[in-house]
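S.K.: Need the 3D shape of this:
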Amino acid sequence: MELDEWWSRLSVRAQDWLTANNGDVVPDWVLTEIVAAGGDVSSDAGWVGESDADGWHLSDSAIDWIEATANDED
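M.R.: Take a look at the predicted model:
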């Protein structure tokens, strides 16, 4: 499932966190919401980032999409 398909299923709190902290490590509670909304973090979808020692990240394209969405850009 693509980011634009599960985004609207997130709570406003999770959307707000992702918008305000765009590019940061995604906390477990937000990651749990993404998965519950249909986001498969083990897929090869363009929004899936990677895990490192700090935690899980969204991809650069997802970060760009969230920024554009927050700014009401197409």
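S.K.: quick one, strands of this structure?
M.R.: Using DSSP state E, the strands of the chain run over 48-52, 55-58.
S.K.: ok, residues contacting the last one?
M.R.: Same thing as strand 55-58. Among residues not part of strand 55-58, those counted as contacts by C-beta atoms under 8 Å, 6 or more residues apart in numbering are 18, 23-27, 31, 41, 47-51, 66. Glycine gets a C-beta too; all of them are placed from N, C-alpha and C.
S.K.: The residue nearest the centre of the chain bridge partners, please.
M.R.: Note on the chain: the residue nearest the mean C-alpha position is L58, at 5.6 Å, using C-alpha atoms, centre = their mean. Beta-bridge partners recorded for L58 (DSSP bridges): V48.
S.K.: most remote residue from the protein's center?
M.R.: For the chain, the residue at maximal distance from the C-alpha centroid (C-alpha atoms, centre = their mean) is A53, at 18.5 Å.
S.K.: in stretch 66-74, what's buried?
M.R.: When burial is assessed from 16 or more other C-beta atoms under 10 Å, stretch 66-74 yields the following buried residues: 66, 69.
S.K.: Repeat that for stretch 7-14.
M.R.: So, applying 16+ other C-beta under 10 Å, buried residues of stretch 7-14: 7, 10, 14.
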